[in-house]
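Peer 1: Provided below are the primary sequence and the corresponding predicted coordinates.
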Amino acid sequence: MSVILVTGASSGIGKATALGLLQQGHTVYVAARRVEAMADLAAKGAIPLRMDITKEADVAEVVARITKDHGAVDVLVNNAGYAIYGSVEDTALDDARAQFEVNVFGLARLTQQVIPAMRERGRGTIVNVSSMGGRIYTPLGAWYHATKHAVEGWSDALRLELKPFGINVVVIEPGIIATEFGDVMTQPMLDRSGHGPYGRLAHAIAKSSAPMSPPTVVAKAIARAIQARRPKTRYVAGNLARPLMFVRKYLGDRVYDRLIMSQFR
């Protein structure tokens with residue numbers, strides 16, 4: 001059994017992942033800003049830790065705690081993240097920087113701190129939860145997609161760097177999942193772009209809907225990656241992920257553009 005740290009575990013994919021790993025008998029540390037929202041995980045045996053991934057001291061304290069208890073993190077699941085939507089023109093650069101600080105630099109900050117002990121042991125797994133949005137794109141999502149595209153490229157380079165040390169780097173690409181994602185995204189998007197030249201598009205996006213997969217489908221993909229002797233570099237899970245990435249890759253940008261914009265008329 002492994003010592004696993006799951007970030008963003010207060011809801012959604014992170015919580016489902018932690019529950020699944022606990023059921024398999026792993027030692028699971030769960031980290032988030034909202035410790036009280038992880039009380040159910042604690043009741044099932046998880047070890048909850050308060051962590052704001054944008055704060056260096058919080059990250060260092062979490063890694064130090066696990067290192068003291070177990071010597072190293074065996075598996076890091078970088079799940080913490082969120083999305084901002086709004087046109088490029090309407091989105092303040094401070095908001096864009098905050099998006100990168102959580103989705104990219106926070107993930108990188110934590111990863112940097114767990115690597116040394118993994119490298120010394122000659123083993124470990126780093127699972128980075130990206131999105132189908134790291135391979136495709138949607139209107140008004142430029143900054144979110146930019147962060148997820150960054151996670152994809154960053155993970156690929158990291159995989160090459162760490163392979164000689166026995167450390168696996170895996171990317172998870174969820175599709176449309178039933179989480180707090182939409183609730184957090186929609187109203188700020190309308191506040192930014194709902195009343196100007198992009199208003200019609202913003203309201204069309206807010207009203208759009210598609211069947212959502214439960215977070216457990218992503219949790220199961222993460223579990224498969226952790227269990228595999230030789231994990232795949234990428235796992236895709238959830239509604240629309242495979243077909244949309246197929247269209248983008250094999251039919252080209254213009255066909256993909258028409259397909260996406262046809263959903264927001």
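Peer 2: Thanks, I have it.
Peer 1: element containing the residue nearest to residue 124 when sequence neighbours are not counted?
Peer 2: Distances taken as C-beta to C-beta, 6 or more residues apart in numbering place residue 118 nearest to residue 124, at 3.1 Å, with adjacent residues excluded. For the C-beta atoms, the positions are set from N, CA and C on the backbone; glycine is no exception. Taking DSSP states H and E as the definition, one finds residue 118 inside helix 107-121.
Peer 1: Can you tell me the SS state at the spatially closest residue to residue 34 that is not a sequence neighbour?
Peer 2: With C-beta to C-beta, 6+ apart as the criterion, residue 34 has its nearest non-adjacent residue at 4.4 Å, and that residue is residue 10. Here residue 10 is recorded as coil under DSSP: H, G, I helix; E, B strand; the rest coil.
Peer 1: and residue 10, how many residues sit next to it?
Peer 2: Residues near residue 10, counting by other C-beta atoms under 10 Å, number 22.
Peer 1: and it, what does it touch?
Peer 2: Residues in contact with residue 10 (C-beta atoms under 8 Å, 6 or more residues apart in numbering) are 30, 32, 33, 34, 35, 37, 38.
Peer 1: Give me the distance between the fourth one and residue 113.
Peer 2: In other words, residue 34. In this view, residue 34 and residue 113 are 22 Å apart by C-beta to C-beta, to the nearest Å.
Peer 1: okay but residue 193 is in contact with residue 88, surely?
Peer 2: No: the criterion here is C-beta atoms under 8 Å, and residue 193 misses it with residue 88 at 9.7 Å.
Peer 1: Between the two, point out the one with more neighbours.
Peer 2: Legend: neighbour count by other C-beta under 10 Å for residue 193 and residue 88, higher for residue 193 (25 against 13).
Peer 1: Between residue 34 and residue 113, which has more neighbouring residues?
Peer 2: A side-by-side neighbour count of residue 34 and residue 113, using other C-beta under 10 Å, places residue 113 first with 18 against 12.
Peer 1: where do the helices sit along the protein?
Peer 2: Using DSSP state H, the helices of the chain run over residues 12-23, 39-43, 56-70, 93-100, 107-121, 142-162, 181-193, 199-207, 215-227, 241-246, 253-261.
Peer 1: Can you tell me which of the ones you listed is most buried?
Peer 2: Highest mean neighbour count of the helices of the chain: helix 12-23, a mean of 23 (counted as mean count of other C-beta atoms under 10 Å).
Peer 1: now what about that one, what contacts it?
Peer 2: Under C-beta under 8 Å, 6+ apart, the answer for helix 12-23 is 4, 6-9, 28, 30, 32, 38, 40-41, 44-46, 77, 79-80, 129, 174, 177, 179-181, 214-216, 218-220, 222-223, 226.
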